[in-house]
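# model the following, please.
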Amino acid sequence: MLLTVLGTAAGGGVPQWNCACPGCTGARAHPDRRRRHASLAVRADDDHWYLINATPDIADQIEHVPALHPGPAARRTPVAGVVLTDAELDHTLGLARLREADRIEVLATAPVRTALRERLHLDDVLTPYAQLAWREVGGTPVPLREGSAIEVSAVPVSAKRPRYAADRPHRSPPGAAPEPWVVALRLRDRRTGGTALYAPALAAWSDALQEALADADVVLLDGTFWDDAEPQRSGFATRTATGMGHLPIDGPDGTARRLAPLSARCLYTHLNNTNPLVDPAAPQHQELAARGLAVAAEGMEIAL
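Numbering: from 1, shown residues only. Here you go, the predicted structure:
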């Protein structure tokens with residue numbers, strides 16, 4: 001299995017177009033600090049790749065990875081589809097950018113698919129341009145594409161809905177588990193046994209997540225905020241990190257403490273522009289390194 005990191009930023013990217021915080025200002029002064037929206041590319045076989053989430057940067061992300069370039073035929077593309085972790089705009093707006101394709105295959109959980117079809121009217125908007133082919137992803141592993149040795153399954157991590165679907169009626173029976181609006185994706189290569197877990201948005205540390213982490217060789221995890229008070233301290237939010245649906249990295253209940261004992265290679269992604277980690281010289285990088293952790297680099301390849 002081959003993974004390529006396409007982006008590592010939270011919503012808005014770094015720099016964010018309307019922000020002059022230290023992280024954004026630093027990225028404007030030092031282009032090497034720029035970060036595209038968090039996304040991942042997974043090679044399903046020799047000729048086909050799937051993108052994990054479709055961000056507003058999707059066209060630029062494809063252009064920066066030669067393996068994703070079209071050819072040799074004029075309109076032949078190796079990008080075969082998209083797998084979604086949730087229905088947030090930052091992870092789905094890129095689907096509209098793929099309208100030039102003849103067919104777009106999208107793997108998503110049932111509530112995410114319903115939100116995109118009924119609230120964003122994605123089918124109505126895109127089908128005049130391209131065929132949308134929906135496949136459901138859940139707890140049972142399914143091949144990325146027919147004949148592929150790469151399997152994908154979903155680990156529910158949150159019932160947090162995007163704002164545009166916040167008032168949608170609940171469809172879970174009374175007493176049943178909440179609908180899986182946000183999931184971590186477990187990717188496994190049946191040939192090598194290599195397993196990766198991708199969780200760019202994490203609101204709680206569940207038993208199911210812990211089980212999936214214990215079985216993973218590589219983990220790419222939500223690193224939106226360094227500590228719980230960061231959103232409030234920045235002056236741009238009134239809620240804490242956990243209140244916004246993201247477990248912080250540092251602190252007594254932070255994810256760094258939970259990741260450090262794992263045998264997997266653990267990398268943070270989905271960094272907010274207020275996170276000190278967007279500065280490569282920030283001392284927080286050394287704190288992570290002391291725990292055997294690091295931040296994912298855009299363009300890095302991971303072979304499993």
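# low-confidence ranges, the stretch 101-250 of the chain, go.
By pLDDT under 70, the weakly predicted segments of the stretch 101-250 of the chain are 169-177.
# burial count for Asp124?
Other residues lying near Asp124 total 9 when counted by other C-beta atoms under 10 Å. Every C-beta, even on glycine, is put in place using the N, C-alpha and C of the backbone.
# now swap in Cys24 and tell me
Count around Cys24 with other C-beta under 10 Å applied: 22.
# ok, Ala229 next?
13.
# residues contacting the residue lying closest to it once chain neighbours are set aside?
Using C-beta to C-beta, 6 or more residues apart in numbering and skipping the chain neighbours, the partner closest in space to Ala229 is Thr240 (6.3 Å). Each residue near Thr240 by C-beta atoms under 8 Å, 6 or more residues apart in numbering is listed here: 228-229, 231-232.
# His48: which of these is nearest?
Pro231 (38.9 Å; C-beta to C-beta).
# would you mind measuring from the spatially closest residue to that closest one that is not a sequence neighbour to Asn272?
Closest residue to Pro231 apart from its sequence neighbours, by C-beta to C-beta, 6+ apart: Ala237 at 3.7 Å. Look at Ala237 and Asn272: by C-beta to C-beta, to the nearest Å, they are 10 Å apart.
# sec struct for the residue nearest to Pro231, please.
coil (DSSP: H, G, I helix; E, B strand; the rest coil).
# name the helices or strands packed onto the host helix or strand of Gln286?
Using DSSP states H and E, Gln286 sits in helix 284-290. Where contact means 3 or more C-beta pairs under 8 Å, 6 or more residues apart in numbering; DSSP states H and E, helix 284-290 is packed against strand 293-295.
# give the pairing partners of the strand it packs on; include direction for each.
strand 265-269 (parallel) (DSSP bridges).
# buried subset of the contacts of Thr240 as a PyMOL selection?
Applying 16 or more other C-beta atoms under 10 Å to the contacts of Thr240, the buried members can be selected in PyMOL as follows:
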select buried, resi 228+231
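# so which of the contacts of Thr240 comes closest to Trp205?
For the contacts of Thr240, the nearest to Trp205 is Asp228 (13.9 Å; C-beta to C-beta).
# wait, what's in contact with that closest one?
Taking C-beta under 8 Å, 6+ apart, we find Asp228 in contact with 240-242, 248, 251, 253.
# the contacts of Thr240 in helices, which ones?
231-232 (DSSP state H).
# between the contacts of Thr240, which is closest to His30?
Pro231 (23.9 Å).
# wait, the closest one sits on Arg239?
Yes. If you go by C-beta atoms under 8 Å, Pro231 and Arg239 touch, sitting 6.1 Å apart.
# state the distance from the residue nearest to Pro231 to Ala101.
From Ala237 to Ala101 the distance is 37 Å (C-beta to C-beta).
# now Glu287
Counting by C-beta to C-beta, the gap from Glu287 to Ala101 is 43 Å.
# which one's more surrounded, the two?
Comparing Glu287 with Ala101 by other C-beta under 10 Å, the one with more neighbours is Ala101, at 18 against 15.
# and for Ala237 and Asn272, which residues touch both?
In terms of C-beta under 8 Å, 6+ apart, Ala237 and Asn272 are both contacted by the residues Pro231.
# circling back: from Ala9, how far out is the residue nearest to Ala229?
From Thr240 to Ala9 the distance is 20 Å (C-beta to C-beta).
# all strands for the stretch 51-200 of the chain, in order.
79-83, 103-108, 131-136, 142-143, 150-158, 182-189, 195-199 (DSSP state E, counting those that start in this stretch).
# sorry, back to before: got a winner among the contacts of Asp228 for most neighbours?
For the contacts of Asp228, the largest number of neighbours (other C-beta under 10 Å) sits with Ala241, at 26 neighbours.
# so it touches Arg233, yeah?
No. Between Ala241 and Arg233 there is no contact under C-beta under 8 Å: 10.4 Å.
# perfect, that will be all.
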